[in-house]
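> here's my sequence, what's the structure:
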Amino acid sequence: MNTTTGKYLSSKDVIMNHDCSGCGACTNICPYRKFGKNSPVDIFQCTEPIGRCDLVCPMTKTDHQDLQKKNLNTMDFSPLGSIIGIYKSRAGKRFKSLFTQKKTVTALNCFILKSQTSQKILTTRIDKNLKPKPFFAENEDQVINSGKTIHSTAPVLSMVNLSKEKGYSLTGLPCQILSIAKMNTLDEKFLRPVLPEIKISLFCTWGLYPDEYSNYLKKNTGKKELNNCLIPPGKEKKIIFKFSDKSSQENKLDEIKQFIRKSCSSCTDLTGEYSDISVGDCETDSAFNTLIIRTQKGLEIVNRAVQDRYLEISPYPEEALLMLETASLNKKKKNFS
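All right, here's what the predicted structure looks like:
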């Protein structure tokens, strides 16, 4: 298999061809660019032949063989990437009175803060206009309140480029996790930013343009406060909007597909293969998440979270594993160059 992805040599070409993932990696690293409506825009003409923005963009050319070796000390091109363990998971007894959903990522991030593994979590929260924004959560309440999913993307990595101190972890999408892996290979010439200590990736099939999608949400959810958007597994393609008053509303999934980013059609990573821990839905059991442990650091976090009752894990079903491997492999076959 050819292990190179990306058809662009520069992030400027990515933007000009409307193929930006919206990760934010190329902003806040030079005075030439800022983040615009759905993607970065150049505010001054850059004359540099190559810059950090080109090297860290998830849409520029990427040699995954070299990247795996430098980041994971492996060259594992199995359907799900490098794996130490895979489980069903959900928030543990510590959260029994708080959660009615699986909430694996929320539970892990709460444990990371409580155990002082990291001092803050770089993640995404939804503002009053229903748009996702980068956000540093520094306590359990902030983690819980930021754990709302609406399936649109935020330029989270723009905050990585501003980070001056160690002591934070990151929850992001596979494209953002890929960019962090590319940042980790920068040499001294390009001034590597301070990178997160723990990287948790969400499974992702596609992300939505935030401006267009937020307008759709405002029209279709009325004045109710949106609490979450769920896309249940299965053949019935629908999206469920859940509101703070505990009511819900179902819409056809096809209604939002018009807002899918162009870049998602060329992404090869379903599960975030350069993360420490990956989390997504479990196709055979809606009461649990899928939890993939990829590094020794990730294994230590999960084991301690289970021991302290922040997390519950159980064996992963063979049927679910086959389904996940098939979906991941299909994404790779479709989009590897």
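> any weak-confidence spans in the stretch 101-250 of the chain?
147, 234-235 (pLDDT under 70).
> can you tell me the closest non-neighbouring residue to residue 310?
Nearest non-adjacent residue to residue 310, counting by C-beta to C-beta, 6 or more residues apart in numbering: residue 111, 4.1 Å away. All C-beta atoms are positioned from the backbone trio N, CA, C, and that covers glycine.
> any idea which element that neighbour lies in?
Residue 111 is part of helix 104-114, with elements assigned from DSSP states H and E.
> ok, and what's touching that helix?
The contact list for helix 104-114 (C-beta atoms under 8 Å, 6 or more residues apart in numbering) reads 89-92, 94-95, 99, 117-121, 123, 137-140, 143-144, 147, 169, 171, 198, 200, 202, 277, 279, 289, 291, 301-302, 304-305, 308, 310-311.
> among those, which are in helices?
Taking DSSP state H, the ones among the contacts of helix 104-114 that sit in helices are 140, 143-144, 301-302, 304-305.
> let's see if you can find the most crowded of these.
Most neighbours among the ones in helices among the contacts of helix 104-114, by other C-beta atoms under 10 Å: residue 305, with 28 neighbours.
> how far away is that residue from residue 111?
Look at residue 305 and residue 111: by C-beta to C-beta, to the nearest Å, they are 4 Å apart.
> list residues touching both of these two?
Common contacts of residue 305 and residue 111 (C-beta under 8 Å, 6+ apart): residue 311.
> that older thread, buried ones among the contacts of helix 104-114?
Among these, those classed as buried by 16 or more other C-beta atoms under 10 Å are 89-92, 94-95, 99, 117-118, 120-121, 123, 137, 140, 143-144, 147, 169, 171, 198, 200, 202, 277, 279, 289, 291, 301-302, 305, 310-311.
> how about the contacts made by the nearest residue to residue 269 once chain neighbours are set aside?
Sequence neighbours aside, residue 174 is the residue nearest to residue 269 in space, at 4.0 Å (criterion: C-beta to C-beta, 6+ apart). Taking C-beta under 8 Å, 6+ apart, we find residue 174 in contact with 201-204, 267, 269-273.
> would you turn those residues into JSON lines with distance to residue 72?
Compiled in JSON lines, the contacts of residue 174 are given as follows (distance: C-beta to C-beta, whole Å):
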{"residue": "201", "distance to residue 72": "13"}
{"residue": "202", "distance to residue 72": "19"}
{"residue": "203", "distance to residue 72": "18"}
{"residue": "204", "distance to residue 72": "19"}
{"residue": "267", "distance to residue 72": "19"}
{"residue": "269", "distance to residue 72": "13"}
{"residue": "270", "distance to residue 72": "17"}
{"residue": "271", "distance to residue 72": "14"}
{"residue": "272", "distance to residue 72": "12"}
{"residue": "273", "distance to residue 72": "8"}
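> of those, grab the buried ones for ChimeraX.
Here is the ChimeraX command that picks out the buried ones among the contacts of residue 174, judged by 16+ other C-beta under 10 Å:
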select :201,202,203,204,267,269,270,271,272,273
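> list the contacts for residue 196?
Counted by C-beta under 8 Å, 6+ apart, residue 196 has contacts 118, 122, 160, 168-170, 180.
> cutoff 7 Å now
Applying C-beta atoms under 7 Å, 6 or more residues apart in numbering, we find residue 196 in contact with 122, 168-170, 180.
> beta partners of the closest residue to it other than its chain neighbours?
In this structure, residue 196 finds its nearest non-sequential neighbour in residue 170, 3.8 Å apart by C-beta to C-beta, 6+ apart. Beta-bridge partners for residue 170, by DSSP bridges, are residue 122, residue 199.
> my guess is residue 297 contacts residue 277. True?
No. Applying C-beta atoms under 7 Å as the test, residue 297 and residue 277 come out as separate, 8.8 Å apart.
> so residue 49, which state does it fall into?
Under DSSP: H, G, I helix; E, B strand; the rest coil, the three-state class of residue 49 is coil.
> over to residue 313?
Following three-state DSSP, we place residue 313 in the strand state.
> residues in contact with it?
Shown in contact with residue 313 (C-beta under 7 Å, 6+ apart): 87-89, 291, 306.
> and which of those residues is nearest to residue 224?
Nearest to residue 224 among those is residue 89, at 30.3 Å by C-beta to C-beta.
> which strands or helices does the helix or strand hosting residue 323 pack on?
Taking DSSP H and E as the definition, one finds residue 323 inside helix 318-335. Helix 318-335 sits against no helix or strand, with contacts defined as 3 or more C-beta pairs under 7 Å, 6 or more residues apart in numbering; DSSP states H and E.
> can you tell me what sits against that helix?
With C-beta under 7 Å, 6+ apart, helix 318-335 has contacts from 5, 79-80, 86, 266-268, 270-271, 282-284, 290.
> mind running it again at 6 Å?
For helix 318-335, contacts defined as C-beta atoms under 6 Å, 6 or more residues apart in numbering pick out 79-80, 266, 268, 270, 282-284.
> CA atoms only: put that helix into CSV for me.
Output in CSV follows, covering the C-alpha atoms of helix 318-335 (Å, rounded to 0.1, in the frame of the first residue of the first chain):
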residue,chain,number,x,y,z
GLU,A,318,-15.6,-9.7,17.8
GLU,A,319,-18.5,-8.6,15.6
ALA,A,320,-18.0,-4.9,16.5
LEU,A,321,-14.2,-5.2,15.9
LEU,A,322,-14.8,-6.6,12.4
MET,A,323,-17.3,-3.8,11.6
LEU,A,324,-14.8,-1.2,12.8
GLU,A,325,-11.9,-2.6,10.9
THR,A,326,-14.0,-2.8,7.7
ALA,A,327,-15.1,0.8,8.0
SER,A,328,-11.6,2.0,8.7
LEU,A,329,-10.1,0.0,5.9
ASN,A,330,-12.7,1.2,3.4
LYS,A,331,-11.8,4.8,4.3
LYS,A,332,-8.1,4.1,3.8
LYS,A,333,-8.6,2.3,0.4
LYS,A,334,-10.8,5.2,-0.8
ASN,A,335,-8.4,8.0,0.1
